[in-house]
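[1] Using only what follows, build the 3D model:
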Amino acid sequence: MKKIFIKLVLGIFVSLLTFVPVLAVQVKLFPDVSPDYWAAAQIKELSEKGVIVGYPDGTFKPNNNVTRAEFASMAIWALGQEHTTVAQPVNFTDITPDFWAYEMIQRALYFELISCPPAGQPFRPDDPVSHAEAVSVAVNALTTETISLEKAKEVLKDYTDLASTPEWYLIAAGKAEILNMNVHVPNTPLALNANLPATRAEIAVLLKNMMEQAKLNPNRKLAEAMRKKTGDGFVIPQAFVQGSIGTLPAGSVVPIQLGAGISSQFSKCGEVYMAKAPQNYITRDKYILIYKDSNLQGKLIDVRPGKLFVRNGVLVLQNNIITTTNDQMVNFCAVGEVCKKKNWFIAFLRKIFKGEKLSVQPQGTVYVKLLQPLKIDLTNGWVIE
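    Here you go, the predicted structure:
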């Protein structure tokens, strides 16, 4: 037993020394977005989360416009609702189900981010989204206090273009101002610019503001969708929850189900394996941390065949990556050693005669210990770090 423990400790030590992250979790800033750019932090964060993306040439083009279809998609991604199923889609005259953003637009309608137009009206997916349209969507994602037109004008009194701003937009703009969500480009006049197209940089900042407010006061439909998800599964006793974030601590032991079989007698050191989470990994309160069937990948870091009178077989695994059911690929660094359950007599014999052979059949289970903590958004399964 002591030797097994020493081998496991050595395996963990070796894995810590040799582990090189397979996935670069952080995304570098785009070449046309300097670190001191006024919206750099928001652009970087939303890029890392997949809410916004750059152009094929690697640039971000922060001053370019955003289309209405693009913005609807970005808003849904920002709110983590990209997998929501809409049972009764709304028909438009200018988009069909094969349009690239069709499902995202339907989700934006379902969550009441955009108003459902009269039958037969176009959506205008390729038109640039205006400041008024973008801010209205952001405010619609929230549960807000009702304010009067007079109150809106009062909180917006410092804006230079208040008198020329369409009256229909003033309530939304006033709510956004109260929540500190309106976007102000440094060194420019304080203006609402209601009918002007919003730039990609402005949209990044607005979406970040919306995301923060939606964590606190989402609208009714979003609140239901953003509930922490619960279910049955494998309980991680050490896991804990703060708000909507669950933490899977380092040291947690979880089962993984191997795709192909492995053996101390025929497997090779460095051999790559594929596996799945055989159950949901859950907290004591049944909040789901990692969903069943999330894909895992790793390699064998110590393989030695069992030889009679010489040694017992050794099989040590190092897991590197997990691909969640959200198609998010992140580091999942864990190690585990394959051991047989033995009664005291067999254990005594193996100490003396050795020669134990180890194997795990296809679809067999191995338990691995997590070396680094993971933080997960319990409302949508998104791994934060």
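
[2] Show me the shaky parts of the stretch 251-385 of the chain.
    Within the stretch 251-385 of the chain, the ranges that satisfy pLDDT under 70 run 342, 345-350, 385.

[3] And the helices in it?
    Listed from the start of the chain, the stretch 251-385 of the chain has helices (DSSP state H, counting those that start in this stretch) covering 344-353.

[4] my guess is N331 meets L371, correct?
    No. With contact taken as C-beta atoms under 8 Å, N331 and L371 are classed as non-touching, separated by 9.6 Å. For glycine as for every other residue, the C-beta is placed from the backbone atoms N, C-alpha and C.

[5] What segments of the stretch 1-150 of the chain are helices?
    Using DSSP H, counting those that start in this stretch, helices in the stretch 1-150 of the chain cover 2-18, 40-48, 68-78, 102-110, 131-140, 149-155.

[6] Rebuild those helices as CSV, extending it with distance to N280, mean pLDDT and mean neighbour count.
    Written out in CSV, the entries for those read as follows (distance: least, C-beta to C-beta, whole Å; pLDDT from 0 to 100; neighbours: other C-beta atoms under 10 Å):
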stretch, distance to N280, mean pLDDT, mean neighbour count
helix 2-18, 26, 39, 13
helix 40-48, 26, 94, 19
helix 68-78, 24, 96, 24
helix 102-110, 25, 95, 22
helix 131-140, 33, 97, 23
helix 149-155, 46, 97, 15
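
[7] Which among the ones you listed is found nearest to G259?
    Taking C-beta to C-beta as the criterion, helix 2-18 is the member of those that comes nearest to G259, at 20.8 Å.

[8] pretty sure Y55 contacts D32?
    No. With contact defined as C-beta under 8 Å, Y55 does not reach D32; the gap is 9.5 Å.

[9] got any residues that touch both of these two?
    By the contact definition C-beta atoms under 8 Å, 6 or more residues apart in numbering, Y55 and D32 are jointly contacted by K61.

[10] more neighbours, these two?
    For Y55 and D32, the more surrounded residue by other C-beta atoms under 10 Å is D32, and the numbers stand at 15 against 12.

[11] so who does the more buried one touch?
    Contact partners of D32, counting by C-beta under 8 Å, 6+ apart, are 59-62.

[12] still on that earlier bit, and L378, which of the helices of the stretch 1-150 of the chain is closest to it?
    Judged by C-beta to C-beta, the one of the helices of the stretch 1-150 of the chain that comes nearest to L378 is helix 68-78, at 17.4 Å.

[13] angle of the closest one against helix 131-140?
    Calculated by axes from the mean of the first three to the mean of the last three C-alpha atoms, to 10 degrees, helix 68-78 forms an angle of 30 degrees with helix 131-140.

[14] ok, residues contacting helix 68-78?
    Around helix 68-78, the neighbours that count as contacts under C-beta under 8 Å, 6+ apart are 46, 49-52, 66, 82, 84, 95, 99-101, 104-105, 107-108, 111, 113-114, 123-129, 133-134, 137-138, 141, 198, 203, 207-208, 210-211.

[15] Can you select the buried ones among those residues for me in ChimeraX?
    When burial is assessed using 16 or more other C-beta atoms under 10 Å, the buried subset of the contacts of helix 68-78 is captured in ChimeraX by this command:
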select :46,49,51,52,66,82,84,95,101,104,105,107,108,111,113,114,123,125,128,129,133,134,137,138,141,198,203,207,208,210,211
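
[16] So, low pLDDT: which residues of the stretch 51-200 of the chain?
    Counting by pLDDT under 70, the stretch 51-200 of the chain contains low-confidence residues at 118-120.

[17] just the strands in it please.
    Ranges of strands within the stretch 51-200 of the chain: none, based on DSSP state E, counting those that start in this stretch.

[18] buried ones in the helix or strand harbouring A223?
    Taking DSSP states H and E as the definition, one finds A223 inside helix 220-225. Neighbour-count burial for helix 220-225, with 16+ other C-beta under 10 Å as criterion, is recorded at 222, 225.

[19] following it, which helix or strand comes up?
    Proceeding C-terminally, helix 220-225 gives way to strand 234-235 as the next helix or strand, assigned by DSSP H and E.

[20] Quick one: name whatever helix or strand follows that next one.
    In N-to-C order, the element after strand 234-235 by DSSP H and E is strand 240-242.

[21] Packing partners of that next one?
    Under the contact criterion of 3 or more C-beta pairs under 8 Å, 6 or more residues apart in numbering; DSSP states H and E, the helices and strands touching strand 240-242 comprise strand 245-248.

[22] So the chain: which segments form each domain?
    Following automatic domain parsing, one gets these domains for the chain: 2-23+228-383, 40-225.

[23] The nearest residue to K307 once chain neighbours are set aside: what's it in contact with?
    If you skip the residues right next to it in sequence, K307 has G355 as its closest partner in space, 6.0 Å away by C-beta to C-beta, 6 or more residues apart in numbering. Contacts were defined as C-beta under 8 Å, 6+ apart; by that measure G355 touches 306-312.

[24] Just among these, which is most surrounded?
    Across these, the neighbour count under other C-beta under 10 Å reaches its highest value at N312, namely 22 neighbours.

[25] wait, doesn't that one sit right on E356?
    Yes. With contact defined as C-beta under 8 Å, N312 reaches E356; the gap is 3.9 Å.

[26] quick revisit: could you export the contacts of G355 as a markdown table, including distance to W77?
    Rendered in a markdown table, the data for those read as follows (distance: C-beta to C-beta, whole Å):
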| residue | distance to W77 |
| --- | --- |
| G306 | 51 |
| K307 | 55 |
| L308 | 59 |
| F309 | 61 |
| V310 | 57 |
| R311 | 53 |
| N312 | 51 |
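
[27] got the contact list for the nearest residue to P186 once chain neighbours are set aside?
    Of all residues not flanking P186 in the chain, W38 sits nearest, at 5.1 Å (C-beta to C-beta, 6+ apart). Residues touching W38, when contacts are defined by C-beta under 8 Å, 6+ apart, comprise 185-186, 201.
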